[in-house]
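Participant: after the sequence you'll find the predicted model.
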Amino acid sequence: MTPVSLNEGLNDLRALATQSILYAFDFDGTLARISSDRGGVKLSSSTHGWLRELATRAPCAIVSGRALSDLAPRVNGAVPYLIGNHGLESTLTPPAALNLAEDICQAWMRYVDTDLARSLKIADVEVENKRYTLTFHYRGTQDPARVQKEILLLLNRLTPSPRLIFGKASVNVLPPGTDGKGPAALALMHHLQQTGLFFIGDDDTDEDVFKLSKGLVMGVRVGRHEESRAKYFINHQGEIEDVLRFLVHQLDRTPAPADQGDRQTPGTRETTNGR
């Protein structure tokens, strides 16, 4: 992986401004800080502002594991396009597919609340029901590797067998046949008649996008991870504003030549109070 702040990464970011690009972002751990208090996670005012500025210049989307009903208030209108539940919950998803996913999750939850309830409580696992998908959280457990193995043994009992996506101290449980974030982001890109996709995310759930063989023009992961399919990375979530600011400035300067003296690059901080 290559730091996006090096010349190769900056040149690729500059090149985006000359193309028809859908700019897409994960939410938790990317646009907003990871927190043990999932209900308290929100965009900072400055991130919200820069994201809104980018969305006035180019199509922008957030592709999250959260349900849309949970995600939308946290985004507060910063971007016009939201995809939730790991790609399943989108305006492009056929209603029949959502109804089937909801029926499957309801059946799973009945089993979880009866046959699995005691085992999950002993393992200190919290089950988040997101209507169309489930997430089993085990953040804060003393032996996360052991707890994850126990969760997997329990999930093997579910019918139909789910698709599993591993997150940070969590296991995401999706109905079988669910495509994930990558195909959902790609479908939105085509729907908006864009020719390429930019995506930045922080988790294994985002590898569905990074592994796209077509359509993805540039992938950036938050935090270096050698097994990631993303070509570039930023060091930590706090650098997301640098990326947003840089993209906005490049779009404003198109089609002017790249300004080699520009110091407002990802991985650096402005010393002024203005945007």
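Facilitator: Cool, got the structure. Residues are numbered from 1 along each chain as shown.
Participant: going forward, measure contacts and count neighbours with C-alpha atoms only.
Facilitator: OK.
Participant: the protein - how does it break down into domains?
Facilitator: Using automatic domain parsing, the domains assigned to the chain come out as 2-83+180-253, 95-174.
Participant: for those, give me CSV that also has distance to Glu89.
Facilitator: Output for the domains of the chain, formatted as CSV (distance: least, C-alpha to C-alpha, whole Å):
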stretch, distance to Glu89
domain 2-83+180-253, 6
domain 95-174, 7
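Participant: ok, then the element right after whichever helix or strand Ala61 is part of?
Facilitator: Taking DSSP states H and E as the criterion, Ala61 maps to strand 60-63. Past strand 60-63, further along toward the C-terminus, the next helix or strand under DSSP H and E is helix 68-75.
Participant: distance from that next one to the middle of the chain?
Facilitator: 13 Å (C-alpha atoms, centre = their mean, to the nearest Å).
Participant: list the buried ones in it?
Facilitator: Within helix 68-75, the residues scored as buried using 16 or more other C-alpha atoms under 10 Å are 68, 71-72, 74-75.
Participant: that helix packs against which elements?
Facilitator: Judged by 3 or more C-alpha pairs under 8 Å, 6 or more residues apart in numbering; DSSP states H and E, helix 68-75 is in contact with strand 81-83.
Participant: what residues sit buried inside the lengthiest helix in the chain?
Facilitator: Of all the segments of type helix in the chain, defined by DSSP state H, the longest one is helix 95-114. Neighbour counts using 16+ other C-alpha under 10 Å place 98, 101-102, 104-106, 108-109, 112 of helix 95-114 among the buried residues.
Participant: same check, this time on stretch 161-171
Facilitator: Neighbour counts over stretch 161-171 (16+ other C-alpha under 10 Å) mark 162, 164-165, 167, 170-171 as buried.
Participant: in a markdown table: the buried residues of helix 68-75, plus pLDDT.
Facilitator: Shown next, in a markdown table, are the buried residues of helix 68-75 (pLDDT from 0 to 100):
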| residue | pLDDT |
| --- | --- |
| Leu68 | 97 |
| Leu71 | 97 |
| Ala72 | 97 |
| Arg74 | 96 |
| Val75 | 96 |
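Participant: what pLDDT, on average, does the strand holding Ala61 get?
Facilitator: On average, the pLDDT along strand 60-63 is 98.
Participant: partner strands of it and their direction?
Facilitator: strand 21-25 (parallel), strand 81-83 (parallel) (DSSP bridges).
Participant: and of the ones you listed, who's closest to Val243?
Facilitator: Taking C-alpha to C-alpha, strand 21-25 is the member of the strands paired with strand 60-63 nearest to Val243, at 11.3 Å.
Participant: following that closest one, which helix or strand comes up?
Facilitator: Downstream of strand 21-25, the first helix or strand assigned by DSSP H and E is helix 45-55.
Participant: just the domains of the chain: most buried one?
Facilitator: Among the domains of the chain, domain 2-83+180-253 has the highest mean neighbour count (mean count of other C-alpha atoms under 10 Å), at a mean of 19.
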